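Undergrad: would you be able to build a 3D model of this:
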Amino acid sequence: MAVDAVVNKKRAARKAFSSGPDINAGAEVYERKQREEIIQALTACKGRVGGTDGAAIRLGISRTTLIYRMEDLESTRSCIPETVSALLPGIL
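TA: Just a heads-up that it's a prediction; the model follows:
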């Protein structure tokens, strides 16, 4: 009986450890927030990426960095509103 109790304690401890918080949850929240900020900036700038009145300046990043991040968003295009996609047909 004592061996069964030890085995059960070990299983319970292992299960409690493995069901901890998802370590990728923070990354998903960050990525979603970044996507929303880019979309808001592009919408406010009417799709203009560079220049003095472009989205890159509004976000405080370089034009090439914004383009790179937009290309990363291409795989998640379904999350981008159609109004923004229509403004940027070649990029998104």
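Undergrad: helices along this structure, start to end?
TA: Assignment of helices within the chain using DSSP state H yields the ranges 2-18, 25-44, 55-59, 63-73, 82-87.
Undergrad: now the last one: average pLDDT?
TA: Per-residue confidence for helix 82-87 averages out to 58 on the pLDDT scale.
Undergrad: equivalent analysis for the fourth one, please.
TA: Along helix 63-73, the predicted confidence averages to a pLDDT of 88.
Undergrad: same deal with the longest one?
TA: pLDDT averaged over helix 25-44 equals 87, rounded to a whole number.
Undergrad: and the angle from that helix to helix 63-73?
TA: For helix 25-44 against helix 63-73, the angle by axes from the mean of the first three to the mean of the last three Cα atoms, to 10 degrees is 120 degrees.
Undergrad: which secondary structure elements does helix 25-44 contact?
TA: The contact analysis (3 or more Cβ pairs under 8 Å, 6 or more residues apart in numbering; DSSP states H and E) places helix 25-44 against helix 55-59, helix 63-73, helix 82-87. C-betas here are computed from N, CA, C, even on glycine.
Undergrad: most packed of those helices?
TA: Most buried of the helices and strands packed on helix 25-44 by mean neighbour count (mean count of other Cβ atoms under 10 Å) is helix 55-59; its value is a mean of 20.
Undergrad: which residues touch it?
TA: For helix 55-59, the surrounding residues in contact (Cβ atoms under 8 Å, 6 or more residues apart in numbering) are 37-38, 41-42, 44-45, 48-51, 62-63, 65-66.
Undergrad: buried subset of those residues as a ChimeraX selection?
TA: To isolate the buried members of the contacts of helix 55-59 in ChimeraX, using 16 or more other Cβ atoms under 10 Å:
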select :38,41,42,45,48,49,66
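Undergrad: out of the contacts of helix 55-59, who's nearest Glu74?
TA: Nearest to Glu74 among the contacts of helix 55-59: Ile38, at 11.9 Å, using Cβ to Cβ.
Undergrad: could you pull up the residues touching the closest one?
TA: Per Cβ under 8 Å, 6+ apart, neighbours of Ile38: Ala55, Leu59, Leu66, Arg69, Met70, Leu73.
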